[in-house]
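> Test case, fold it:
(one chain, ligands or ions: 3)
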Amino acid sequence: MEKPASHPTFPRERVGVLLTNLGTPDAPETGSVRRYLKQFLSDRRVVEIPAIAWQPILRTIILNTRPKKSAEAYREVWTDEGSPLAVIARKQAEKLQERLGDDVLVDWAMRYGNPSIPDRLDHLWQAGARKILVAPLYPQYCAATTASSLDALSDWLDKKRWGPAIRTLPPYFDDAAYIAALEKDLKRQLDALDFTPERLVLSFHGMPQRTLEQGDPYHCHCQKSARLLSEKLDVPTDVAFQSRFGPAQWLTPATDDLLKAYPDEGVKKVAIAAPGFSADCLETIEELGIRGEEEFLEAGGEQFARLDCLNDGQAGMDMLEELVRRELAGWFM
Ligand SMILES: C=CC1=C(C)c2cc3[nH]c(cc4nc(cc5[nH]c(cc1n2)c(C)c5CCC(=O)O)C(CCC(=O)O)=C4C)c(C)c3C=C
Ligand SMILES: [Fe+2]
Ligand SMILES: [Fe+2]
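Residues are numbered from 1 along each chain as shown. Ligands and ions are numbered 1, 2, ... in the order given. Have a look, this model is predicted:
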């Protein structure tokens, strides 16, 4: 039977994979940072204060002060290719695409800023992806990160007449592939240091203490990742939470407090890793690597090293390929 002339044509069906991360400004300038922070900090998953109380504070105080200061920090980490988080996210997607071949379309997106989750889902759909795995690259589940990415997915699906079958990558905080990748990569980096650290700090992004009391599993996921990892490493580890924001009580101990207290306790040689970040970003390169080192040395510390995240290195990509192939079972071998 002949198709009516008005009948749309469809591309070859394929499987899509969308790697998502948090997001970053388009440029290390006040205006770009303000746009990014406005979207980020207006997300009710991130700041759980009723909008009527929060929006005036955000618009009159925070967006008038923080963007300039944050832009300065972004300038310290910005590369010729762009923001480290975006550059690494793109490389992770390109390398995963190479590993999975043409039957799968791999793309990447950011929850805040660009490229956005709805734009890249549109792109995958238009390219023929009728089955899509959305993979928020957060090992530890958190409402502010994992659930928020899935909100963006469900908002997109909500508007579609015909939408894809969807799978989402579960948190992988205790997955053997994740722990093994960290073990391998951190051991490689520790072996390459020109000193032997007395302590390895495992620094996770902080969250308000209240979220733990309300049932967010993030704190427990971080503690379990840290325990499983520390069992594999020869150096003693401490867990800490970084990037405190606002006046509320956040998870403790705070990374900066821990670094400042070490020298008085006789700990003078420290390495620091951020296993909850799948890619290096402002929070690892600037906050840990620059500010953290300054704070530790000023307090009397002697040697300090920041270890890289898994990024697009061999160990991290082996893990990502394993996790993604597992989730694609039955869709693609
Ligand atoms: C990895 C998990 C992360 C959690 C959990 C998280 C929670 C969280 N963050 C803020 C406030 C800010 N975070 C900022 C940047 C930022 N945060 C994460 C990760 C987590 N955040 C990443 C990967 C980045 C990206 C940095 C980049 O390179 O672009 C910022 C912006 C920078 C700044 O102005 O300091 C803010 C603000 C809150 C409030 C929160 C949980 C409630
Ligand atoms: Fe953050
Ligand atoms: Fe816990």
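> For this protein, give me the ranges with low pLDDT.
Where the chain drops to pLDDT under 70, the residues are 1, 333.
> 90 - rerun?
For the chain, applying pLDDT under 90 flags the ranges 1-12, 246, 332-333.
> Kindly report the residues of it close to ligand 1.
Contact residues (CB under 6 Å from any ligand atom) of the chain with ligand 1: 22, 24, 37, 46, 66, 70, 83, 85, 138, 142, 144-145, 205, 207-208, 243, 245, 276-277, 281-283. Every residue, glycine included, has its C-beta placed from N, CA and C.
> Just the buried ones from those residues, in PyMOL syntax?
Filtering these down to the buried ones (16 or more other CB atoms under 10 Å) takes a single PyMOL command:
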select buried, resi 22+24+37+46+66+70+83+85+138+142+144+145+205+207+208+243+276+277+281+282+283
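> what packs against the strand or helix carrying Lys95?
Secondary structure from DSSP states H and E places Lys95 in helix 84-100. Judged by 3 or more CB pairs under 8 Å, 6 or more residues apart in numbering; DSSP states H and E, the packing partners of helix 84-100 are strand 14-24, strand 104-113, helix 282-285, helix 314-327.
> Now with 7 Å, please.
Under the contact definition 3 or more CB pairs under 7 Å, 6 or more residues apart in numbering; DSSP states H and E, helix 84-100 sits against strand 14-24, strand 104-113, helix 314-327.
> just the angle between that helix and strand 104-113, please?
Using axes from the mean of the first three to the mean of the last three CA atoms, to 10 degrees, one finds that helix 84-100 and strand 104-113 are set 170 degrees apart in direction.
> Let me know the angle separating helix 84-100 from helix 314-327.
Helix 84-100 runs at 60 degrees relative to helix 314-327, counting by the same axes, to 10 degrees.
> returning to what we had before: closest one to ligand 3 among the helices and strands packed on helix 84-100?
Nearest to ligand 3 among those is strand 14-24 (22.1 Å), distances taken as CB to the ion.
> can you give me how far the closest one is from the chain middle?
When C-alpha coordinates are averaged (CA atoms, centre = their mean, to the nearest Å), strand 14-24 and its chain have centres 12 Å apart.
> Walk me through which strands that strand pairs with, and which way each runs.
Strand 14-24 has the following strand partners under DSSP bridges: strand 104-113 (parallel), strand 129-136 (parallel).
> Extract the C-alpha set from the very next helix or strand once past that strand and format it as PDB.
Next in sequence after strand 14-24, counting helices and strands by DSSP H and E, comes helix 30-41. Written as PDB, here are the backbone C-alpha positions of helix 30-41 (Å, rounded to 0.1, in the frame of the first residue of the first chain):
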ATOM      1  CA  THR A  30      30.000  37.300  35.600                       C
ATOM      2  CA  GLY A  31      27.000  37.300  33.200                       C
ATOM      3  CA  SER A  32      27.300  33.700  32.100                       C
ATOM      4  CA  VAL A  33      27.900  32.600  35.700                       C
ATOM      5  CA  ARG A  34      24.800  34.500  36.800                       C
ATOM      6  CA  ARG A  35      22.600  32.800  34.200                       C
ATOM      7  CA  TYR A  36      23.900  29.400  35.200                       C
ATOM      8  CA  LEU A  37      23.500  30.000  38.900                       C
ATOM      9  CA  LYS A  38      20.000  31.400  38.500                       C
ATOM     10  CA  GLN A  39      18.900  28.200  36.700                       C
ATOM     11  CA  PHE A  40      20.800  25.900  39.100                       C
ATOM     12  CA  LEU A  41      19.800  27.600  42.400                       C
END
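> tell me which strands and helices the helix or strand just after helix 30-41 is in contact with?
As assigned by DSSP H and E, the chain's next helix or strand after helix 30-41 is helix 51-57. The contact analysis (3+ CB pairs under 7 Å, 6+ apart) places helix 51-57 against no helix or strand.
> List the buried residues in helix 51-57.
Across helix 51-57, burial judged by 16+ other CB under 10 Å covers Trp54.
> chain center to that helix: distance?
Using CA atoms, centre = their mean, the offset of helix 51-57 from its chain centre is 26 Å.
> oh, and call the first residue 35 from now on, that's how I've got it
Okay, using 35 as the starting number, the last item reads as helix 85-91.
> Quick one: neighbours of the residue of the chain found nearest ligand 3, just the number.
Nearest to ligand 3 in the chain, going by CB to the ion, is Cys254, at a distance of 3.6 Å. By other CB atoms under 10 Å, 13 other residues sit near Cys254.
> do the same with Pro118
By other CB under 10 Å, the residues close to Pro118 number 22.
> what does the one 10 residues further on give?
When neighbours are counted by other CB under 10 Å, Glu128 registers 13.
> Ignoring the adjacent residues along the chain, who's closest to Gly323?
Closest residue in space to Gly323, ignoring its immediate chain neighbours: Arg340 at 3.9 Å, by CB to CB, 6 or more residues apart in numbering.
> Right, I'll leave it there.
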